[in-house]
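>>> here is my input; please provide its structure:
(one chain, ligands or ions: 1)
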Amino acid sequence: MTLAEATSRPREEALERRYGAATPHAIAGIGPWNDVLDCLLAHRSVRGYRPDPLPAGTLETLVAAAQSAATSSNMQLWSVIATTDPTKKAELAVIAGNQKHIEQCPLFLLWVADLSRHERLGTAEGVEMPTLPYVETLMVAAIDAALAAQNAVVAAESLGLSTVYIGAMRNNPVRVAEIFGLPDKVFGVFGLCVGYAAAGKEGEVKPRLPQEAVLFHERYGVSDETAIRAAYDRELAAFSRRQEMTDATWTSRVLSRMGRMAGMNGRENMRAWLAKLGFPLE
Ligand SMILES: Cc1cc2nc3c(=O)[nH]c(=O)nc-3n(C[C@H](O)[C@H](O)[C@H](O)COP(=O)(O)O)c2cc1C
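Numbers count the residues shown, from 1 in each chain. This is a model prediction of the structure:
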């Protein structure tokens, strides 16, 4: 094996895991590589944790990584609330539809869109802040929160920790706000479990759609979407059989989540919940 072949092998393996071995065309043309990319492409959500606490300072390191993310106009419209409290985590697990990993993980983080800091700043400076009630401002805050959290996820994984996002905090954002004592104009966008994967729960990289489905050049346009989806369905069904003992395809998952109102888990009430939490959304 040449040196070039030896160094390109980890890259090829990582790409095969990310897209599935049956879609090798996806990897053609992918160029440079390094350890950061190895870490990014090895991502998988983990849904079973050991109780072991995290090394001292881990939370602060993750937050430093989160604060290193870009943030719209440097507004930093997000905050994060950490909990290790078993009672809190037990109730959050129930809100999330009995997701046991919330109880198991040693650290749970609630990432919030936070307009309250800016409102307080306005009050202190005697300025009313007319921009706060707008959809655009919530969108900016939610984007900021997501970018920050994803930096924390990558940082955690680079340290050998595992994570899983918990969007199911939005099943009942009003109760979540009560649990964490969130002030008006603060909304829990999602949670994040952080910890060490339990034995046998490390999971596997979940293949993604081939790049032809998501990457366009110059103009939006998909060719042969039916064939692309059929191939990806086969890939994801194989993953489901290995990891979850089901035959679920990507198509069946999309239809179950987005093709029926039950897939919303009550979140069709979001506008009313947001109004209660101080987001009139003009
Ligand atoms: C915003 C967001 C919310 C999510 N919410 C949940 C959740 O409530 N429970 C869960 O088990 N996984 C949740 N996930 C994890 C996704 O199911 C997971 O990322 C996806 O299936 C891809 O798998 P992977 O992360 O292992 O690549 C969420 C992911 C994101 C980005």
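>>> number of nearby residues for residue 195?
Each residue near residue 195 was counted by other CB atoms under 10 Å, and the total is 24. (C-beta placed from N, C-alpha, C; glycine too.)
>>> and it, what does it touch?
Contact analysis of residue 195 by CB atoms under 8 Å, 6 or more residues apart in numbering lists 49, 50, 52, 54, 104, 105, 106, 107, 161, 162.
>>> what about those residues, which one has the most neighbours?
Counting by other CB under 10 Å, top hit in the contacts of residue 195: residue 105 with 30 neighbours.
>>> unless I'm mixing things up, that one is touching residue 196, no?
No - in this structure residue 105 lies outside contact range of residue 196 using CB atoms under 8 Å: 9.1 Å.
>>> what is the neighbour count of the residue of the chain found nearest the ligand?
At 2.9 Å from the ligand, residue 167 is the closest residue in the chain, using CB to the nearest ligand atom. Neighbourhood size, residue 167 [other CB under 10 Å]: 12.
>>> backbone dihedrals for the spatially closest residue to it that is not a sequence neighbour, please?
If the residues on either side of it in the chain are set aside, residue 167 comes closest to residue 190, at 4.8 Å by CB to CB, 6 or more residues apart in numbering. Dihedral pair for residue 190: phi -170, psi 160, per degrees, to the nearest 10.
>>> list the beta-bridge partners for residue 190.
Applying DSSP bridges to residue 190 gives these bridge partners: residue 111.
>>> can you pull the contacts of it?
110, 111, 145, 146, 149, 165, 166, 167, 169, 170.
>>> restricted to helices, list those.
Judged by DSSP state H, the contacts of residue 190 include 145, 146, 149 as members of helices.
>>> residues in the stretch 151-282 of the chain within reach of the ligand, list them.
164, 165, 166, 167, 168, 190, 206 (CB under 6 Å from any ligand atom).
>>> please redo it, this time with the cut-off set to 8 Å
Contact residues (CB under 8 Å from any ligand atom) of the stretch 151-282 of the chain with the ligand: 164-169, 189-191, 203, 205-206, 208.
>>> filter these down to just the buried residues.
Buried members of those, counted by 16 or more other CB atoms under 10 Å: 164, 165, 166, 168, 169, 189, 190, 191, 203, 205, 206, 208.
>>> for the closest residue in space to residue 224 that isn't next to it in sequence, which three-state class applies?
In space, and not counting its chain neighbours, residue 224 is closest to residue 212: 7.9 Å by CB to CB, 6+ apart. On the three-state scheme (DSSP: H, G, I helix; E, B strand; the rest coil), residue 212 is labelled helix.
>>> count of residues packed around residue 212?
Using other CB under 10 Å, residue 212 has 17 other residues around it.
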